[in-house]
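>>> quick check, what structure comes out for this input:
(2 chains)
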Amino acid sequence: MIQFDKFTLSNGLRVIVHHDPTTPLVAMNILYDIGARDEQPDKTGFAHLFEHLMFGGSINIPSYDEPLQKAGGENNAFTNSDFTNYYLTLPKDNIETGFWLESDRMLNLAFSEKSLEVQRQVVIEEFNQSYLNQPYGDVWLLLKPLAYKVHPYQWNTIGKTTQHIADATLDDVKSFYSRYYNPNNAILCVAGNVNTQEISELATKWFGSIPSGSENKRSLPIEPAQTEARKLIVKRKVPTNSIYKAWHTCQRNDQKYVITDLISDILGSGESSVLYKELVKKQRLFSEIDAYITGDIDAGLMIVSGKIMPETSVEYADQAIEKVIEKFCSKKISPTDLTKVKNRAESSLAFSKISLTNRALDLAVFEHLGDIDLINTISKQYQHVSAIDIQQTANDIFRNENCSSLYYLSEYE
Amino acid sequence: MPDRLIAPAIKPIEKLRLVNPAIVSLSNEIHMYQFVNPLQSALKIDIVFNTGTASQAIPLTANTALRLLKEGTKSYPGNKFMSKIDYYGAFLNQNASKDDSVVSLLVLKKNFNATLPLLESLFTEPTFSPDEFDQLRDIEREDYIIQNEKPKHIARKTINELVFGKETPYGRSANVTDYDNMQLEQLVDFFHDNYSSDNCKIILSGPVDDKILSILDKHLGKPWNTNGKRTDFVQDSKFNPELVHIVKDGALQSAIQIGMPIMPRHHEDYIPFLLLNTVFGGYFGSRLMSNIREDKGYTYGIHSQLSTFLKGSIFTISTEAGTSVTNATLQEIQYEMHQLQHEHIQSEELNLVKNYLTGSYMRSLDGVYNQAEKFKSIHGFGLEMDYYEKSLHRIQHTQPDELQSLAKKYLNYDAMTKVIVGA
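All right, here's what the predicted structure looks like:
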């Protein structure tokens, strides 16, 4: 059991406290309810660029990093399609430094032209390093717009192109900040050898006077059901042909989410998974194959991706995947295989809770999803999935017209 | 309203309180080092063999031998082995590095008893089937070919070759023909000679108790693979700084690695140099990051680090920078070395770095699993947990003068090899 307390300040900031007496450190996690899905189609990559600017100094504190490092702390942040998350750890005795720094950048930023100019460049280099200057780096830049035609998940967190990042202006930055970086749009979680009373006092002292912003009502376009199979074939300077297949699945809050997650594990997680056993070990068509879900809040994707062995044609490899999935859908999973995949889910959840930082993050993420108790109850949800649930949901997902396939081929062949 | 212009007082960080692990021996005299926390549910067991890739006569032998083990054993043939591991929700890892090889198992305590027969089987009755071997080799060759296209990977491999010497045990890299020439017999011999109960130790972390220890003794307590022929190796690095440029057509960035041999871990300069390295390129606020990323925007990240091994150590600077700013990046790296050689580090910056390092030690030593990990990284050097307290003490008492003379002694741009992969 992960114990926690929860309260809300009058400005709308939600605060979660998790007591762990065994560590000399505290973890602070602040999640802002703003992600790449909230961007305009002609200004993509902005939420992530903005994350970089949050380290450029705030209204009263010229440098975010220096005081934190001086207090023995360390921090980082990440942005995904659904939210932007900032986290730090520091020795418990210096916890107030964390409150001071995080509250000041929620109160107001310094907005320097220099910081914007540099971070635009840094993010373009990040774009190059992670997506463009790597073999297979642009796969997601191709696959997401193939699968999503309407919903903003069609672009990646990094953005559609480096041009969108180069075009960002200080005015864009300011209006984005004033709209989204408000206490009523954030969740703070503090974990460590702390008690709720002391965190309540610190939160009120540092965050209590920050004014709320207006409410952001999200009305994102809903991705219409896909009605025919899609295919994209590209050739790149890579050594090996590969294939990526994406099927639309449910939202994160849907009851079928845990079932879908288990299906991806059964099919393609680990060396005893269905796809690995059949296509890597038995038929020897692939050198690697995996299945996983994107795990987004709005309707997500089930992905199967594999690297194809040299002598195999991509069409044959694709058909082989489809045959395995067809067979999988046609009958109920064995009790042993069901137990196996539940055991793996149980272990993975338990192992992920070892880290203090992860616990603080998970609490904030579940609160953001709308049910913080999931931190303790989701394990049960996995245990309650039946073989029939799996078969029904699999048949619902793995329809031909629901699938987008990307053939990512070697130019050298 | 709090006064936001005044930073909250910073309290000096309390001392690290580290205890050495309890040691017990299995019946076959394997030493087991325990980091115990009864409140945790996950047990981690690391079996550390005192032989790594430096001891292999032919590249790829150590790692391939380790990975082939899980492809089937007598009691759990073929895929049954991994199916069982997965069934118990366990995670198995194996990796050979220069000086040692580690097989790790992470498993819930309640499944420990059911999983240990698998671990026993892995070491005492692997099948080494020729068919599984052929397949594993083919899969790994494909992975090698893909990795070898990554600019950063090529740069790292090349700097390692050039600093240690291409033909030496530490410097040698595999190439694709090594996969074609690999023989199953080599792997089997290497396994029998090195992955034995008389050439390993065990590091345990989590809710270890007497029952856990007796299960371990039951399954891993008999001698296995003993009396193997272990060969020592000689690491004779002959280093000459050079500039290597590997051109990749159409590259958007250059992967840069700059490196040279550096002092061993027992050297008196090692700990203060670790501090100097942190100032130079060892954390987010470092000179290299502040200048080349946060001021110029040439890169997403730039770091410097020391890697120490039993018979040699390497210092490296690594980054990926835009092709149009590759030369400018190199100049700034050179400039930052020059600054450290010619100007004292001011006390404000030095104190910040000392505090940062103290916090960093606390983080990396928080909880039994991290402690076990840190213990694993020093025990081969004959060090114990008090090493971390002593290092911190040494760091706290290092003065700007000493750092400046270390910069003069070690941070010489012209004395380093530069590898550039890209434009």
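>>> burial measure for residue 114, as a count.
Since you didn't name a chain, this refers to chain A. Around A:Lys114 there are 9 other residues, counting by other C-beta atoms under 10 Å in any protein chain shown. Quick note: C-beta positions are derived from backbone N, CA and C, even for glycine.
>>> not quite, go with chain B.
The criterion is other C-beta under 10 Å. On that basis, B:Ala114 has 14 neighbouring residues.
>>> where does it land in three-state SS?
Using DSSP: H, G, I helix; E, B strand; the rest coil, the three-state assignment for B:Ala114 comes out as helix.
>>> which residues of the stretch 301-413 of chain A lie near chain B?
Counting by C-beta under 8 Å from any C-beta of the partner chain, the residues of the stretch 301-413 of chain A lying close to chain B are A:307, A:309-310, A:336, A:339-340, A:343-348, A:350-351, A:354, A:356.
>>> pick out the most distant pair among those residues.
The most widely separated members of those, counting by C-beta to C-beta, are A:Pro310 and A:Leu356 (45.8 Å).
>>> okay, those two: which has more neighbours?
Counting neighbours by other C-beta under 10 Å for A:Pro310 and for A:Leu356 shows that A:Leu356 has the greater number, 21 against 14.
>>> between the residues of the stretch 301-413 of chain A next to chain B, which is nearest A:Asp261?
Nearest to A:Asp261 out of these is A:Ala345 (C-beta to C-beta; 7.4 Å).
>>> is it true that that closest one touches A:Ile263?
No. With contact defined as C-beta atoms under 8 Å, A:Ala345 does not count as touching A:Ile263 (11.6 Å).
>>> what segments of chain B are strands?
B:22-25, B:31-36, B:42-49, B:91-96, B:101-108, B:200-206, B:243-247, B:253-261, B:299-309, B:312-322, B:417-422 (DSSP state E).
>>> can you tell me what sits against the last one?
Pointing back at strand B:417-422 there. Contacts of strand B:417-422 from elsewhere in the structure, counted by C-beta atoms under 8 Å, 6 or more residues apart in numbering or on different chains, are A:133, B:151-152, B:154-155, B:158-159, B:162-163, B:239, B:241-248, B:251, B:253-260, B:323, B:326, B:330.
>>> and with 7 Å instead?
For strand B:417-422, the surrounding residues in contact (C-beta atoms under 7 Å, 6 or more residues apart in numbering or on different chains) are B:151, B:154-155, B:158-159, B:162-163, B:241-246, B:248, B:251, B:253-260, B:323, B:326.
>>> that older thread, save the strands of chain B as TSV, and put in mean neighbour count too.
As requested, those are exported to TSV (neighbours: other C-beta atoms under 10 Å in any protein chain shown):
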stretch	mean neighbour count
strand B:22-25	13
strand B:31-36	19
strand B:42-49	22
strand B:91-96	19
strand B:101-108	22
strand B:200-206	23
strand B:243-247	13
strand B:253-261	25
strand B:299-309	20
strand B:312-322	25
strand B:417-422	24
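>>> of those, which is nearest B:Arg141?
strand B:91-96 (17.6 Å).
>>> angle of that closest one against strand B:42-49?
Using axes from the mean of the first three to the mean of the last three C-alpha atoms, to 10 degrees, the inter-axis angle of strand B:91-96 relative to strand B:42-49 is 20 degrees.
>>> what is the burial count for B:Lys390?
Here the neighbour count serves as a burial measure; for B:Lys390 (other C-beta under 10 Å) it reads 13.
>>> sorry, back to before: out of A:Ala345 and A:Ile263, which sits in the more crowded spot?
The residue with more neighbours, out of A:Ala345 and A:Ile263, is A:Ile263; 29 against 22, by other C-beta under 10 Å.
>>> how about the strands of chain B in JSON lines, adding distance to A:Asp138 and mean pLDDT?
Written out in JSON lines, the entries for those read as follows (distance: least, C-beta to C-beta, whole Å; pLDDT from 0 to 100):
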{"stretch": "strand B:22-25", "distance to A:Asp138": "52", "mean pLDDT": "96"}
{"stretch": "strand B:31-36", "distance to A:Asp138": "43", "mean pLDDT": "98"}
{"stretch": "strand B:42-49", "distance to A:Asp138": "37", "mean pLDDT": "98"}
{"stretch": "strand B:91-96", "distance to A:Asp138": "30", "mean pLDDT": "98"}
{"stretch": "strand B:101-108", "distance to A:Asp138": "34", "mean pLDDT": "98"}
{"stretch": "strand B:200-206", "distance to A:Asp138": "40", "mean pLDDT": "98"}
{"stretch": "strand B:243-247", "distance to A:Asp138": "22", "mean pLDDT": "97"}
{"stretch": "strand B:253-261", "distance to A:Asp138": "14", "mean pLDDT": "98"}
{"stretch": "strand B:299-309", "distance to A:Asp138": "17", "mean pLDDT": "98"}
{"stretch": "strand B:312-322", "distance to A:Asp138": "16", "mean pLDDT": "97"}
{"stretch": "strand B:417-422", "distance to A:Asp138": "17", "mean pLDDT": "97"}
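>>> for chain A, what spans make up the strands?
In chain A, the segments counted as strands under DSSP E are A:5-8, A:14-19, A:25-32, A:74-79, A:84-91, A:186-192, A:230-236, A:242-248, A:286-293, A:301-308, A:403-410.
>>> how is chain A partitioned into domains?
Split into domains by automatic domain parsing, chain A comes to A:5-207, A:230-410.
>>> B:Phe112 reaches B:Ile215, doesn't it?
Yes. Here B:Phe112 reaches B:Ile215: they are 6.3 Å apart, a contact under C-beta atoms under 7 Å.
>>> which one's more surrounded, the two?
Neighbours per residue (other C-beta under 10 Å) separate B:Phe112 from B:Ile215, with B:Phe112 holding more: 23 against 17.
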